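I need the structure of the sequence given here:
(chains A and B)
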Amino acid sequence: NSKVIQTPRYLVKGQGQKAKMRCIPEKGHPVVFWYQQNKNNEFKFLINFQNQEVLQQIDMTEKRFSAECPSNSPCSLEIQSSEAGDSALYLCASSLYSSAETLYFGSGTRLTVL
Amino acid sequence: GQQVQQSPTSLVLQEGENAELQCNFSTSLNSMQWFYQRPGGSLVSVFYNPSGTKQSGRLTSTTVIKERRSSLHISSSQITDSGTYLCAIMNTGGLSGKLTFGEGTQVTVIS
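Got it, this is the predicted structure:
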């Protein structure tokens, strides 16, 4: 069973507001991924970290999102100015490997932007 | 075009029936995984299977790289198997750790 913990479970924000979600990866997993799953079941990779360093991120994440994985603190993903199109399930996953072999997912944070 | 295509989109099974879910991909890949997603969101890794056949209980996954397909076979389905099954690939030359998901097969098992 996955021990990746994501909070909050649900998040409701108005357009233009900041939205922040957190993730505690499985103990001992140095690699953390963030994915966005929309209502059509489409997954979008957002960013991944190895320890505290960003490995890869997409353009959208660079511009409107900020993310970090500080040592001894939860990882976080924050949308600086929420848009309606950001409404989705945000999934955090961790792995022993940057190759994403055997990913363990959290239950997700469901963001609704009104 | 879509890199990962799953079929069928949805499936209704009588308890005890078998089912085969298909995943076809249009690019060469480094890895292939099957996930199960419960209603409500939580994703669970079912198989990491970049090639060949793997079995775990009533589930069997077969990936044939040269044919660019993978299948997930559910035998003797149970009501608790209900949920969405997603396949995901990582392309060769793609972003490290970037999985590309299919849109899933929604499985409903009824008694």
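
what sits against the residue nearest in space to the middle of chain A?
For chain A, residue A:34 is the residue whose C-alpha lies nearest the centre (CA atoms, centre = their mean; 3.5 Å). The contact partners of residue A:34, taken as CB atoms under 8 Å, 6 or more residues apart in numbering or on different chains, are A:23, A:45, A:46, A:47, A:48, A:61, A:67, A:77, A:90, A:91, A:92, A:93. Placement of C-beta: from N, CA and C, glycine included.

name the nearest residue to the third one, sequence neighbours excluded.
Same thing as residue A:46. Nearest non-adjacent residue to residue A:46, counting by CB to CB, 6 or more residues apart in numbering or on different chains: residue A:34, 4.3 Å away.

next, the buried residues of whichever strand or helix holds that neighbour.
Per DSSP states H and E: residue A:34 is located in strand A:31-37. Across strand A:31-37, burial judged by 16 or more other CB atoms under 10 Å in any protein chain shown covers A:31, A:32, A:33, A:34, A:35, A:36, A:37.

how far off centre is it?
The chain centroid and the centroid of strand A:31-37 are separated by 5 Å under CA atoms, centre = their mean, to the nearest Å.

quick one: strands adjacent to it?
strand A:43-50 (antiparallel), strand A:88-95 (antiparallel) (DSSP bridges).

least confident of those, on average?
For the strands paired with strand A:31-37, mean pLDDT drops lowest on strand A:43-50, to a mean of 88.

how about the next helix or strand after it, does it reach chain B?
Going down the chain from strand A:43-50, the next helix or strand is strand A:53-57, by DSSP H and E. Yes: between strand A:53-57 and chain B, judged by CB under 8 Å from any CB of the partner chain, the touching residues are A:55, A:56.

strand A:53-57 vs strand A:31-37, what angle?
Angle, strand A:53-57 to strand A:31-37, by axes from the mean of the first three to the mean of the last three CA atoms, to 10 degrees: 30 degrees.
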